[in-house]
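Undergrad: here is the input, now give the coordinates:
(4 chains)
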Number of protein chains: 2
Amino acid sequence: MKSPSQPRDRGIPEATVARLPLYLRALHGMAERGIATVSSEDLAVAAGVNSAKLRKDLSHLGSYGTRGVGYDVEYLVYQISRELGLTQDWAVAIVGVGNLGRALANYGGFVSRGFRVAALVDADPEVVGDSIAGLNVEHIDGLEAVITRRGVSIVVLATPAAAAQEVCDRVVAVGVTSILNFAPVVLSVPDSVDVRKVDLSIELQILAFHEQRKAGGPLMAVDSQ
Amino acid sequence: MKSPSQPRDRGIPEATVARLPLYLRALHGMAERGIATVSSEDLAVAAGVNSAKLRKDLSHLGSYGTRGVGYDVEYLVYQISRELGLTQDWAVAIVGVGNLGRALANYGGFVSRGFRVAALVDADPEVVGDSIAGLNVEHIDGLEAVITRRGVSIVVLATPAAAAQEVCDRVVAVGVTSILNFAPVVLSVPDSVDVRKVDLSIELQILAFHEQRKAGGPLMAVDSQ
DNA sequence: CTGACTTTGTGCATCGGTTCACAAAGGGAT
DNA sequence: ATCCCTTTGTGAACCGATGCACAAAGTCAG
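TA: Reported below is the predicted structural model:
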């Protein structure tokens, strides 16, 4: 059904890529509620953006809407999934099984999007051998073997800050080119490797900045020097 | 020591605010290693940005460097901390004590930056009453009381998606204006409330997008219809 | 088949952020 | 005191992203 335009432009703006998962999430919710067709306006509201931006974003993938009607939910889910590479299965390894690593291992949001936690790795003999979320925690010594044998292509770093760079170097050396880093350090990697970082305390600091402004009012500076 | 320029402009660009915590982290590391003075070039490398950007960012706070020399580490730490509002103590409540909430409660990175986890709240009678990271988990029924009594000004939402909006509405109703949301939903709040969101699976999806491009090469499209 | 209505896709103006490149400012040596 | 060297702070060009506003394209009723 439909006359699908070709996928067109290969150069999708970074800002658009960052929003596609958002649209996907909103669309999944709609599909579950049995909605077959959605307008850019409605989808934009559900995703928390404005409709002009949404349309421009989608136009980068191709022309998948129908004027006067809107977008077919199922069809759009498929197109965005394909664009993001979620139609294939990604094997993820989590290195560092502390509180955070454990939480990530148990996090359902990964699995539901085509990400499969294929390995848990840690250096602490205390936790090596434990079974978490149905997986056996393996020793860091076997890191390279685990990565290659299980076909891991994305590594999540949840180690202490001090260990992150070394682990990073090792996984890069065996060909990993995508890393999600939770350790509060700047990793140095070759240009060919993508690193995304999540620092929970940075988010709080940004909130604190704005909160301070609000609290102090337009004219705070109680002890302004 | 030094002749401090006045704090100047009150309008700091959002992009700059988001990087200040990064600089702060790098500076703390330097202070620990006993470095007294740092050039914009060195600090930029340590923070993972380029030096022109760093200088422009810092120039928004005031003129805190010395030409020909660089920046005094201690002094700059203080100025950035003050700008971010980290010289005061922020009481944070974590709502939702699942895997993630637990990990957050135990995360040392908060405390070390002036954030104090003042309360843990959950709806599950199974976990209410547990002691986690030295705190007693309280029942969601007392949410409003806990927030006001403990002076909580920032709320971290680590609930299931379905519960997030309701909890959000309740904390906003008692005056909270800063929320860090881990639940995969778009929260609707008044304009006066700041929401920052962290979605772990979105980060992975962005990585997958780029990984796919690399893997497929410039001309993938195996079945490109 | 025609006309009214809806909604997409996009050209264009605008805005915020990044980067370059250099003048201004300070330190230290002679 | 003068000169040279280093490094900041910033004006200006550039670049990507956003939002407006509308023509193009489709649906549906009669």
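Undergrad: can I assume residue A:206 sits in a helix?
TA: Yes: read with DSSP: H, G, I helix; E, B strand; the rest coil, residue A:206 is one of the residues of a helix.
Undergrad: other residues contacting the lowest-mean-pLDDT helix or strand in chain A?
TA: Lowest on mean pLDDT, DSSP states H and E among the helices and strands of chain A sits helix A:108-111, with a mean of 84. Contacts to helix A:108-111, defined as CB atoms under 8 Å, 6 or more residues apart in numbering or on different chains, come from residues A:92, A:104, A:116, A:117, B:184, B:199, B:200, B:201, B:204. For every residue, glycine as well, the C-beta is placed using N, CA and C.
Undergrad: if we use 10 Å, what do you get?
TA: Residues from elsewhere that reach helix A:108-111 (CB atoms under 10 Å, 6 or more residues apart in numbering or on different chains): A:25, A:90, A:92, A:94, A:104, A:115-117, A:133, A:156, B:99-100, B:160-161, B:182-184, B:199-202, B:204.
Undergrad: which bits of chain A sit near DNA strand D?
TA: Contact residues (CB under 7 Å from any atom of the strand) of chain A with DNA strand D: A:13-16, A:49-50, A:52-53, A:55-56, A:66-69.
Undergrad: C-alpha coordinates for the least confident helix or strand of chain A, PDB please?
TA: Only the C-alpha atoms of helix A:108-111 are listed here, as PDB (Å, rounded to 0.1, in the frame of the first residue of the first chain):
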ATOM      1  CA  GLY A 108      13.700  -3.200  30.000                       C
ATOM      2  CA  GLY A 109      13.900  -0.200  27.700                       C
ATOM      3  CA  PHE A 110      16.900  -1.700  25.900                       C
ATOM      4  CA  VAL A 111      15.500  -5.000  24.900                       C
END
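Undergrad: is DNA strand C contacted by the lengthiest helix in chain A?
TA: Assignment by DSSP state H gives helix A:14-32 as the longest helix of chain A. No: using CB under 7 Å from any atom of the strand, we find that helix A:14-32 stays clear of DNA strand C, coming within 11.0 Å at best.
Undergrad: so which bits of that helix are buried?
TA: Using 16 or more other CB atoms under 10 Å in any protein chain shown as the test for burial, helix A:14-32 gives A:16-17, A:19-30.
Undergrad: which element follows the least confident helix or strand of chain A toward the C-terminus?
TA: Sequence-wise, the next helix or strand downstream of helix A:108-111 (DSSP states H and E) is strand A:115-122.
Undergrad: and the next element down the chain from that following strand?
TA: Per DSSP H and E, the first helix or strand lying C-terminal to strand A:115-122 is strand A:131-132.
Undergrad: that next one: how far from the chain's middle?
TA: 23 Å (CA atoms, centre = their mean, to the nearest Å).
Undergrad: quick one: residues in contact with it.
TA: Residues lying outside strand A:131-132 but in contact with it, judged by CB under 10 Å, 6+ apart, are A:94, A:97, A:101, A:102, A:105, A:106, A:117, A:120, A:122, A:137.
Undergrad: which two of these have the greatest separation?
TA: By the measure CB to CB, A:106 and A:122 form the most distant pair in these, at 15.2 Å.
Undergrad: so these two - more neighbours on which side?
TA: residue A:122 (23 against 16; other CB atoms under 10 Å in any protein chain shown).
Undergrad: all the helices of chain A, in order from the start?
TA: Under DSSP H, chain A gives helices at A:14-32, A:40-47, A:51-59, A:73-84, A:99-106, A:108-111, A:143-150, A:161-173, A:200-216.
Undergrad: about what we covered before: I'd like to know which elements the longest helix of chain A is packed against.
TA: Helices and strands touching helix A:14-32, by 3 or more CB pairs under 10 Å, 6 or more residues apart in numbering or on different chains; DSSP states H and E, are strand A:37-38, helix A:40-47, helix A:51-59, helix A:73-84, helix B:200-216.
Undergrad: what about 8 Å?
TA: The contact analysis (3 or more CB pairs under 8 Å, 6 or more residues apart in numbering or on different chains; DSSP states H and E) places helix A:14-32 against helix A:40-47, helix A:51-59, helix A:73-84, helix B:200-216.
Undergrad: give me the mean pLDDT for that helix.
TA: The average pLDDT for helix A:14-32 rounds to 97.
Undergrad: got it, and stretch A:84-103?
TA: So the average pLDDT for stretch A:84-103 ends up being 96.
Undergrad: check stretch A:39-53 too.
TA: On average, stretch A:39-53 scores 97.
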